[in-house]
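**Student:** take a look and give me a structure for this.
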Amino acid sequence: MDNNLERRKYKRYDEGSIEDRFIARLQIKSDKVQEIKSDNYDPVTLVNISAGGIFFLSEKDLGLGSHFEVKIDIVHSSQTVDCAGEIVRIEKSTSSPVFAIAIEFKGLDEQEKEMIITTIEGFLE
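**Tutor:** Model prediction:
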């Protein structure tokens, strides 16, 4: 098996200043009965985005398997994607107190996926 093969289901956007294109905000959900634990949506520093999820930096270990409400604003547009997400990977930096965190989107409808895909493809052209 070739380990160099691309395993991604969706193209991702990680070029230039991603925050000039997308703004992501998270609201923590409880792991017990999925009740919202926070009233606020906290902004995160995006590293990349695809129709499958986001990868971002955080000063906190948000907990593998934790669930969030996610809002993604597409800059220079009135479009916002609202969806749920689950943390599927956390990487701790050895050189700084920062965590790199991957959230997989859950329950994103086809229209929202297509909006993200179309936006990413437009930026990559």
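
**Student:** from S66, how far off is the spatially most central residue of the chain?
**Tutor:** For the chain, the residue sitting closest to the mean C-alpha position, by Cα atoms, centre = their mean, is I54 at 2.2 Å. When distance is defined by Cβ to Cβ, to the nearest Å, I54 is 14 Å away from S66. In this view, the C-beta of every residue, glycine as well, is placed from N, C-alpha and C.

**Student:** mean confidence for the lengthiest strand in the chain?
**Tutor:** Longest strand in the chain, counting residues (DSSP state E): strand 80-92. For strand 80-92, the mean per-residue pLDDT is 92.

**Student:** which secondary structure elements does it sit against?
**Tutor:** strand 53-58, strand 67-74, strand 99-106, helix 110-124 (3 or more Cβ pairs under 8 Å, 6 or more residues apart in numbering; DSSP states H and E).

**Student:** recalculate using a threshold of 7 Å.
**Tutor:** Other helices and strands packing on strand 80-92, by 3 or more Cβ pairs under 7 Å, 6 or more residues apart in numbering; DSSP states H and E, are strand 67-74, strand 99-106, helix 110-124.

**Student:** who wins for proximity to I18 among these?
**Tutor:** Between I18 and the helices and strands packed on strand 80-92, the tightest spacing by Cβ to Cβ is seen for helix 110-124, at 9.2 Å.

**Student:** now the angle from that closest one to strand 99-106?
**Tutor:** 130 degrees (axes from the mean of the first three to the mean of the last three Cα atoms, to 10 degrees).

**Student:** now for helix 110-124, which elements pack on it?
**Tutor:** strand 12-13, strand 80-92.
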